[in-house]
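> missing the sequence, but the structure's below:
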């Protein structure tokens, strides 16, 4: 039941703020997101391992996020932004800014 409750809380958090991305099970969830220019995206690490949020073009890089830590970035310019975890490079996502 605890797993179901924590899954429900993640879904509720995402429903309340659609610009929240969770890092869970060594994945970005969702793996792709579309936002409007001027939007702020928040990443929250729900894993017990640290992760980073890195833009592949060097626009931003978070420090290591421990469990329940967050990182925010405001996307001012339209484009496609490829994101990965600097610690676990197989973790990838794409953010499209319109």
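Received the coordinates, thanks. Not measured: the values here are computed from a predicted model.
> low pLDDT regions in this protein?
Within the chain, the segments meeting pLDDT under 70 span 1-16.
> residue boundaries of the strands in it?
Under the criterion DSSP state E, strands of the chain are mapped to 20-24, 27-29, 32-35, 39-45, 54-55, 70-75, 79-84, 92-97.
> counting by contacts, list what the longest one packs against.
Just to be clear, that refers to strand 39-45. strand 20-24, strand 70-75 (3 or more Cβ pairs under 8 Å, 6 or more residues apart in numbering; DSSP states H and E). For glycine as for every other residue, the C-beta is placed from the backbone atoms N, C-alpha and C.
> turn these into TSV, including mean neighbour count and distance to residue 45.
As requested, the helices and strands packed on strand 39-45 are arranged in TSV below (neighbours: other Cβ atoms under 10 Å; distance: least, Cβ to Cβ, whole Å):
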stretch	mean neighbour count	distance to residue 45
strand 20-24	21	4
strand 70-75	16	8
